[in-house]
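K.L.:
dropping the sequence and predicted coords here.
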Amino acid sequence: MAKSGSNILREFLIAIGFDVDEQAFKNFQTKETSIIKQFETMIKVAAVAGTAVAGAVLKIANDMEQLYFSSERAGTSVKGLMMLRFGGAQAGIGADAMASAVEQMASTIRANPGMVAFFHQLGLPVFADNAKNFANLIGKLRDMDARGGGVMARMIGAQFGFDEQTLTLLFKNYPDFLRGLKEQADLLKISGVNAQKFGEDSHAAMEDWRTLLLHLEALGYLFAQDVLPTVDKFVVFLTKSLDLLFQLDKATKGWSTTIGGIVIGIGGAAAALGAIGSILGIGGGAVAGVVAAVATPEVAAGALGVAGLIAGYEGLRRLPYKDIAGRATIGYGHLIRAGEDFSGGITQSGAAALLAQDTEAARAAIFRMVKVALNSNQAAALTDLIYNVGAGALKGSTLLKDLNSGDYAGASDQFLRFNHALVGGHLQTVDALTSRRIADRDLFNKPDVSMTQTTNIRIEGVSDPREAGQVVASHQNRINGDLVRNMAGAVQ
């Protein structure tokens with residue numbers, strides 16, 4: 001059995017002629033053990049804290065970057081968009097749904113500058129900041145609605161892309177909306193946060209983070225390429241090294257193992273204290289968690305798939321909890337089934353695996369029930385709906401009947417009917433579900449990217465049909481090659 005460091009010290013002192021007081025030495029051993037335990041605890045806490053802080057900073061930076069992009073699309077400042085998002089949340093509209101409404105208004109004005117005439121007809125000034133334009137327009141339409149002109153108010157709102165549900169909530173809860181705007185503005189002022197600079201800095205930081213991930217991926221490919229041919233030699237070397245360690249441990253009565261373990265432990269802890277290093281050192285699951293945090297619903301629907309879209313709505317919960325209907329849930333909204341035990345919680349990678357499994361089940365249910373063609377956006381919207389409310393809710397619904405009859409517009413109008421949940425045994429409308437259904441409906445109505453190419457090739461001076469065909473093929477290949485290169489450059 002290996003001797004502890006304190007016993008080795010005791011024997012050394014006796015050997016060189018010192019008298020060792022047994023009780024004092026026992027007290028020393030107790031303190032030594034306590035110090036080692038405290039040191040080990042500090043290492044673990046530091047490693048976990050480093051990982052948590054790094055993850056939180058990346059999440060905040062990603063959120064602020066998305067606000068920055070959204071504010072550019074909406075034609076307002078980051079501060080203005082933050083105020084509208086918070087005001088919308090206070091009025092019962094999801095923050096993302098509110099940002100989408102402002103972006104839609106800005107897009108409408110850019111596409112049709114004549115829409116500015118509505119502002120003038122309503123006696124409203126037109127500002128360069130669309131956050132002000134949005135708040136003023138909603139206020140004027142709300143006044144029109146209060147005076148009995150609700151139909152006209154909604155018609156004008158529809159011209160700017162406002163859906164009826166959003167307008168109804170804003171009209172009904174307009175004081176809450178205004179109070180939310182002021183509260184957010186006051187909070188930013190008190191905290192001294194420069195929202196615009198914060199958004200710009202976050203964008204720069206996330207650009208660096210994505211570049212780092214790209215370089216790490218390339219480094220991984222390079223490492224694998226270089227290491228694979230020598231794996232066999234490495235295994236032989238490792239085996240011999242382990243044999244040597246076993247022999248050394250036996251010869252030194254365990255000293256080498258103890259000292260080696262301490263050195264490795266301290267080195268590992270030091271590496272873990274580096275924020276980004278600790279995330280990368282924890283393993284693939286943590287890296288996947290950071291990447292999942294970067295993905296927003298808007299990007300996930302295209303690049304990362306419907307699972308990323310759902311993850312953005314559900315959020316990650318590592319411990320079991322009760323959902324709004326009182327059902328046992330964990331991870332990204334996974335309903336715990338009989339026989340499943342998550343009493344110890346779940347890891348990021350475990351939650352992602354359940355999400356992929358449940359998403360695939362939802363997609364399979366769609367293709368069992370839907371008899372008409374679906375584009376990728378329609379399939380994604382329906383997958384989120386089934387994931388959220390269950391396949392049984394869709395089966396026999398008017399949405400499914402309209403869809404299978406080819407009435408896509410009618411099916412789209414049915415999404416908002418799935419915004420209820422059993423709360424305390426009573427069926428109630430849930431604002432969060434209303435916002436989610438609006439987003440699903442908008443995604444369902446969003447067409448896939450399509451391309452139509454027309455090429456005119458005129459051939460003169462060729463009498464042989466085969467030669468003419470070769471000329472056409474050569475020109476068409478060149479045109480297609482240029483098209484692919486241009487598109488690749490546009491999406492990078």
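P.N.:
Done, it's in. The structure presented is a predicted model; accordingly, all values stated were derived computationally and were not measured. Numbering: from 1, shown residues only.

K.L.:
contacts for the host helix or strand of L400 next, please.
P.N.:
Assigned by DSSP states H and E, L400 belongs to helix 398-404. Helix 398-404 has contacts (C-beta atoms under 8 Å, 6 or more residues apart in numbering) with 369-372, 394, 408, 410-411, 414-415, 417-418. The way it works is simple: take the backbone N, C-alpha and C, and place the C-beta from them, glycine included.

K.L.:
quick check on those: which are buried?
P.N.:
Listed as buried from the contacts of helix 398-404 are 369-370, 394, 408, 411, 414-415, 418; burial here means 16 or more other C-beta atoms under 10 Å.

K.L.:
nearest to G315 among these?
P.N.:
Checking the buried ones among the contacts of helix 398-404 against G315 with C-beta to C-beta, the nearest one is F418 at 19.6 Å.

K.L.:
just to revisit the earlier point, pick out whichever of the buried ones among the contacts of helix 398-404 sits closest to F119.
P.N.:
F415 (30.8 Å).

K.L.:
what's I346 sitting at in phi/psi?
P.N.:
phi -150, psi 150 (degrees, to the nearest 10).

K.L.:
list just the nearest of the contacts of helix 398-404 to N133.
P.N.:
Nearest to N133, judged by C-beta to C-beta, of the contacts of helix 398-404 is F415 at 28.3 Å.

K.L.:
how much space separates the closest one from G326?
P.N.:
Distance, F415 to G326, by C-beta to C-beta, to the nearest Å: 24 Å.

K.L.:
do F134 as well
P.N.:
Relative to G326, and taking C-beta to C-beta, F134 is found at 38 Å.

K.L.:
could you do T434 as well?
P.N.:
Applying C-beta to C-beta, the value for T434 to G326 is 20 Å.

K.L.:
same check on F118?
P.N.:
For F118, the distance to G326 (C-beta to C-beta) stands at 46 Å.

K.L.:
of the two, who's got more company?
P.N.:
More crowded of F118 and G326, by other C-beta atoms under 10 Å: F118, with 18 against 12.

K.L.:
secondary structure element for that one, which one?
P.N.:
Using DSSP H and E, F118 sits within helix 116-121.

K.L.:
mind listing what's buried in that helix?
P.N.:
For helix 116-121, the buried set under the neighbour-count rule, 16+ other C-beta under 10 Å, comprises 118-119.

K.L.:
mind exporting that helix as PDB, just the C-alpha atoms?
P.N.:
The C-alpha coordinates for helix 116-121 follow below in PDB (Å, rounded to 0.1, in the frame of the first residue of the first chain):
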ATOM      1  CA  VAL A 116     -45.300  56.400 -45.900                       C
ATOM      2  CA  ALA A 117     -48.400  58.200 -47.100                       C
ATOM      3  CA  PHE A 118     -50.400  56.400 -44.400                       C
ATOM      4  CA  PHE A 119     -48.400  58.200 -41.800                       C
ATOM      5  CA  HIS A 120     -49.100  61.500 -43.300                       C
ATOM      6  CA  GLN A 121     -52.800  60.800 -43.700                       C
END
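
K.L.:
outside of stretch 381-390, which residues touch it?
P.N.:
The contact list for stretch 381-390 (C-beta under 8 Å, 6+ apart) reads 306, 309-310, 313, 333, 358-359, 362-363, 365-366, 370, 374, 393-394, 415, 418, 433, 436-437, 440-441, 443-444.

K.L.:
domain parsing for the chain?
P.N.:
Domain assignment for the chain by automatic domain parsing gives 1-92+173-294, 299-445, 454-492.

K.L.:
worst mean pLDDT among the ones you listed?
P.N.:
Among the domains of the chain, domain 454-492 carries the lowest mean pLDDT, at a mean of 58.

K.L.:
give the other helices and strands that the strand or helix carrying D358 contacts.
P.N.:
In this assignment (DSSP H and E), D358 forms part of helix 348-369. If you count contacts as 3 or more C-beta pairs under 8 Å, 6 or more residues apart in numbering; DSSP states H and E, helix 348-369 packs onto helix 284-294, helix 306-314, strand 328-331, strand 334-335, helix 376-389, helix 391-394.

K.L.:
packing partners of the helix or strand encompassing A409?
P.N.:
Using DSSP H and E, A409 sits in helix 408-413. Under the contact definition 3+ C-beta pairs under 8 Å, 6+ apart, helix 408-413 sits against helix 398-404, helix 431-445.

K.L.:
how about 10 Å then?
P.N.:
With contacts taken as 3 or more C-beta pairs under 10 Å, 6 or more residues apart in numbering; DSSP states H and E, helix 408-413 sits against helix 376-389, helix 398-404, helix 431-445.

K.L.:
tell me which of those sits most buried.
P.N.:
Counting by mean count of other C-beta atoms under 10 Å, helix 376-389 has the highest mean neighbour count of the helices and strands packed on helix 408-413, with a mean of 23.

K.L.:
with just CA atoms, put it into CSV.
P.N.:
Extracted in CSV, the C-alpha atoms of helix 376-389 (Å, rounded to 0.1, in the frame of the first residue of the first chain):
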residue,chain,number,x,y,z
SER,A,376,-39.2,22.4,-46.1
ASN,A,377,-40.7,25.4,-44.3
GLN,A,378,-44.1,23.9,-44.2
ALA,A,379,-42.7,20.6,-42.9
ALA,A,380,-40.7,22.4,-40.2
ALA,A,381,-43.7,24.4,-39.0
LEU,A,382,-45.9,21.3,-38.8
THR,A,383,-43.1,19.4,-37.0
ASP,A,384,-42.9,22.1,-34.3
LEU,A,385,-46.7,22.1,-33.9
ILE,A,386,-46.8,18.3,-33.4
TYR,A,387,-43.8,18.4,-31.1
ASN,A,388,-45.5,21.0,-29.0
VAL,A,389,-49.1,19.7,-28.9
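
K.L.:
which SSE is immediately downstream of the helix holding F118?
P.N.:
Downstream of helix 116-121, the next assigned helix or strand under DSSP H and E is helix 130-146.

K.L.:
just checking, what packs against that following helix?
P.N.:
helix 22-74, helix 78-90, helix 95-111, helix 116-121, helix 150-159, helix 164-172, helix 174-191.

K.L.:
and the angle for that helix with helix 78-90?
P.N.:
In terms of direction (axes from the mean of the first three to the mean of the last three C-alpha atoms, to 10 degrees), helix 130-146 departs from helix 78-90 by 30 degrees.

K.L.:
okay, buried residues for helix 130-146 please.
P.N.:
Result for helix 130-146 [16+ other C-beta under 10 Å]: buried residues 130-142, 144-145.

K.L.:
averaged pLDDT, that helix. What do you get?
P.N.:
Helix 130-146 carries an average pLDDT of 91.

K.L.:
let's see that helix as PDB, backbone CA atoms only.
P.N.:
Provided in PDB are the C-alpha atoms of helix 130-146 (Å, rounded to 0.1, in the frame of the first residue of the first chain):
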ATOM      1  CA  ASN A 130     -38.600  52.800 -37.200                       C
ATOM      2  CA  ALA A 131     -39.000  52.000 -33.500                       C
ATOM      3  CA  LYS A 132     -40.600  55.500 -33.100                       C
ATOM      4  CA  ASN A 133     -42.600  55.000 -36.300                       C
ATOM      5  CA  PHE A 134     -43.900  51.700 -35.000                       C
ATOM      6  CA  ALA A 135     -45.000  53.000 -31.600                       C
ATOM      7  CA  ASN A 136     -46.700  56.100 -33.100                       C
ATOM      8  CA  LEU A 137     -48.500  54.000 -35.700                       C
ATOM      9  CA  ILE A 138     -49.800  51.500 -33.200                       C
ATOM     10  CA  GLY A 139     -51.000  54.400 -30.900                       C
ATOM     11  CA  LYS A 140     -52.900  56.000 -33.800                       C
ATOM     12  CA  LEU A 141     -54.500  52.800 -34.900                       C
ATOM     13  CA  ARG A 142     -55.400  52.000 -31.300                       C
ATOM     14  CA  ASP A 143     -57.200  55.400 -31.000                       C
ATOM     15  CA  MET A 144     -59.000  54.700 -34.300                       C
ATOM     16  CA  ASP A 145     -60.100  51.300 -32.900                       C
ATOM     17  CA  ALA A 146     -61.300  52.900 -29.700                       C
END
